[in-house]
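**Q** 3D, please:
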Amino acid sequence: MLELVLVMVIIATVLAMAAPSLRRFFASRETADEAASIVALTQLARSQAVAEGRMYRLNFDLDEMKYWLTAQTEGAFTNLSSEFGRVFLLPEGAELKVEVEGSTDDRSYVSFYPSGRTEAATITLTGRQGDSAEISCLSPTERYSVAAIAKGEQE
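**A** Numbers count the residues shown, from 1 in each chain. Model (predicted):
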């Protein structure tokens, strides 16, 4: 019985020492996972715009740190009534920057056209630990993809 307790104490000590590094690992994965979610929504928006023959937008609320898809219906952009129309929240402490090529104002959306074209843009997502992911589309005929992932400062 004493040996069992001793083994449990050793295992608990090793786990206690490893826990901080595991926490940092999972926190750094949040940024990469969120970048993958944004890319998936851009691909959905592009394919739906072509299939339905109407314009789609991926909207970003930089103050509230959320994003969602809308579709053009009778001249106005409305929220989708499907699962993909819900509002997606960015991880706590994250920062987002949207730069649309050729846009002179601070736009917070990217458009997808029925022709299959999109607006070339760069979306930079920075996590709370300084890790960042750059999502980009270099020309209107390309797809969005995660162009670069940079690791942040480790404690």
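**Q** pLDDT below threshold where in this structure?
**A** For the chain, applying pLDDT under 70 flags the ranges 21-28, 152-155.
**Q** Counting neighbours, what do you get for the closest residue in space to V100 that isn't next to it in sequence?
**A** Leaving aside its chain neighbours, V100 sits nearest to A121 (4.4 Å; criterion: CB to CB, 6 or more residues apart in numbering). Quick note: C-beta positions are derived from backbone N, CA and C, even for glycine. The number of residues packed near A121 is 22, by other CB atoms under 10 Å.
**Q** A121 contacts K97, correct?
**A** No - if you go by CB atoms under 8 Å, A121 and K97 don't touch, sitting 10.5 Å apart.
**Q** picking that back up, who's in contact with the residue nearest to V100?
**A** Contacts for A121 (CB atoms under 8 Å, 6 or more residues apart in numbering) come out as 98-101, 110, 136-137.
**Q** so of those residues, which ones are in strands?
**A** The members of the contacts of A121 that map onto strands under DSSP state E are 98-100, 110, 136-137.
**Q** who does the lengthiest strand in the chain pair up with?
**A** Using DSSP E, we find that the single longest strand of the chain is strand 66-73. Strand pairing for strand 66-73, determined by DSSP bridges: strand 56-61 (antiparallel), strand 76-79 (antiparallel), strand 88-89 (antiparallel).
**Q** out of those strands, nearest to T141?
**A** Taking CB to CB, strand 56-61 is the member of the strands paired with strand 66-73 nearest to T141, at 16.3 Å.
**Q** Can I get that closest one in CSV, CA atoms only?
**A** The C-alpha trace of strand 56-61 is given here as CSV (Å, rounded to 0.1, in the frame of the first residue of the first chain):
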residue,chain,number,x,y,z
TYR,A,56,-21.7,36.8,-49.4
ARG,A,57,-19.7,38.6,-46.8
LEU,A,58,-17.5,37.5,-44.0
ASN,A,59,-18.1,40.2,-41.4
PHE,A,60,-15.8,41.1,-38.4
ASP,A,61,-16.7,43.1,-35.4
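**Q** Give the buried residues for that strand.
**A** By neighbour count with 16 or more other CB atoms under 10 Å, strand 56-61 contains the buried residues 56-60.
**Q** Could you do stretch 110-127 as well?
**A** 110-113, 117-127.
**Q** can you check stretch 70-86 too?
**A** 70-72, 77, 80, 84.
**Q** List just the nearest of these to A147.
**A** F84 (23.3 Å).
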